[in-house]
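Chemist: After the sequence you'll find the predicted model.
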Amino acid sequence: MRSTPRTEAVPVPTPAASLVFTTVLSHGPLTRTGIARRTALSSAAVTKAVRPLLEAGYLVEGAGEEARSALGRPANPLRVDGGRALFIGVKVTGDEIIAVLADLCCRIRVARHLPLTARDPGSVLASIAGLVQELLTEADGFGVEVRGVGLAVSGDVDRAAGVVRYSPFLDWRDVPLAELAGTVAGLPVTVDNDVRALTVAEQWFGAGAGISDFALVTVGAGIGCGLVVHGRVVSGAHGVAGEIGHLSIDPLGPPCHCGNTGCVEAIAGDAAIIRRVGEVTGLPVTGSDQALDLAHRGDPGAREVYARAGEAIGRAIGAVVNVLGPQRVIISGEGLAAYDLFAEHIRDAFTASAFGTAAQCDVMTRPLPFEEWARGAAATAIQSFIGTDTQ
């Protein structure tokens, strides 16, 4: 793989400049007055923050007929020039690697999928390197430099150290992924938990844009949760936060791979559902499609398994809402393929467990393909590039 020197970052040396840039990135085009209103910064502070961003070409200004000052002077809206920089996002699952080339506004320009034939770090790193090389070649066609790479992996990921502490689906422990990937990519590399990465993308560009407090709950192979509190993605003091999949909600429930019993993931994760449907039907169920088919054809045992999974997810969401009081909970993940089977049970369990007015929390579903998870990884690379991960 070719080596690309570390390039300059967006000129946002102050928290105010970073706030202005991310505000325009998420909500633009915005006039300076609109930026001041959204950020609670003074007009002078906005002007000071905007100037270097305009000079460097990361913000561009265009005339807007709808916005004019009291003196009749055009109030030109500002927007981020998405084509000013490119980023690579990579999502590693237990079965495949998905990589995307995204612009500064996190719009996917190119996507690639590669089956994962081996899960050891060396093999995965080699596959990542190949995909990154492909996307660097694609970037040449856009005539824009790639400024960073984001990698998203499930499990306990220490973003600050760039280390995957533990990933159950890959069976990794203490893998210095950022260092290893940076060596072969020759680019700044950000490594984060996959759900947190997706949460960053939803906060800036998706269903969480403009909301200061929300939770993203993902259902599928695992049960994850990304949290945004007062406008910041929560990582926790030790890099682990939002692990609702390992809330033990049934002391007499099935054992979980984490060592506890009755965890949400041990009841509602894909592997748990597949295993339990096989047990209650007496059939050799080996995949989610088979389990879903049995439930959709009306098998009572299979339907009860999904009902119990929905109840577990609903109780977990209720716990999140009771503790943090978010305005919105977004449910996503590949497990939404079964949403018709457990939606009612999620809602009923959530309503029963949410305390008082917490039950008024907006709970919505948002199906997202795996490319969006890779886009989330790209969003973390953008976040590192503009310095908001260190504010």
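Modeler: On my side now, so go ahead. Residues are numbered from 1 along each chain as shown.
Chemist: C-alpha only now, for contacts and for neighbours.
Modeler: Fine.
Chemist: Now do the same contact list for residue 197.
Modeler: Taking Cα atoms under 8 Å, 6 or more residues apart in numbering as the criterion, residue 197 is in contact with 152, 373, 376-377, 379-380.
Chemist: got it, and residue 320?
Modeler: residue 215.
Chemist: quick one: average pLDDT of the host helix or strand of it?
Modeler: Assigned by DSSP states H and E, residue 320 falls within helix 300-324. On average, the pLDDT along helix 300-324 is 96.
Chemist: next structured bit after that helix?
Modeler: Using DSSP H and E, the helix or strand that follows helix 300-324 in sequence is strand 328-332.
Chemist: Wait, residue 113 touches residue 96, no?
Modeler: Yes. With contacts counted by Cα atoms under 8 Å, residue 113 reaches residue 96, the gap being 7.0 Å.
Chemist: If you count neighbours, what's buried in the helix holding residue 320?
Modeler: Neighbour-count burial for helix 300-324, with 16 or more other Cα atoms under 10 Å as criterion, is recorded at 301-322.
Chemist: could you give the angle of that helix to strand 328-332?
Modeler: Using axes from the mean of the first three to the mean of the last three Cα atoms, to 10 degrees, the direction of helix 300-324 lies 150 degrees away from that of strand 328-332.
Chemist: picking up where we left off before, closest to residue 160 among the contacts of residue 197?
Modeler: Distance to residue 160 across these (Cα to Cα) is lowest for residue 380, with 12.0 Å.
Chemist: Now do that closest one against residue 102, distance only.
Modeler: The gap separating residue 380 from residue 102 is 12 Å, by Cα to Cα, to the nearest Å.
Chemist: between these two, who's got more neighbours?
Modeler: Taking other Cα atoms under 10 Å, residue 380 and residue 102 do not tie; residue 380 has more neighbours (33 against 27).
Chemist: Quick check, pLDDT for residue 8.
Modeler: pLDDT recorded at residue 8 is 56.
Chemist: ditto for the one 5 residues further on
Modeler: Confidence per residue is given as pLDDT, and for residue 13 that number is 65.
Chemist: For the stretch 101-250 of the chain, which segments count as helices?
Modeler: With helices called from DSSP state H, counting those that start in this stretch, the stretch 101-250 of the chain shows them at 121-142, 177-185, 194-205.
Chemist: Deepest in the core, which of these is it.
Modeler: Mean neighbours per residue, mean count of other Cα atoms under 10 Å, is largest over those for helix 194-205, with a mean of 26.
Chemist: Which of the helices or strands spans the residue lying closest to residue 285 once chain neighbours are set aside?
Modeler: Distance criterion Cα to Cα, 6 or more residues apart in numbering; nearest residue to residue 285, sequence neighbours excluded, is residue 278 at 5.0 Å. Using DSSP H and E, residue 278 sits within helix 270-281.
Chemist: Backbone torsions only: list them for residue 261.
Modeler: Dihedral angles of residue 261 (phi, psi; degrees, to the nearest 10) stand at phi -120, psi 150.
Chemist: ok so, going back, mind listing what's buried along the helix holding residue 278?
Modeler: The neighbour-count check on helix 270-281 (16+ other Cα under 10 Å) flags 270-278 as buried.
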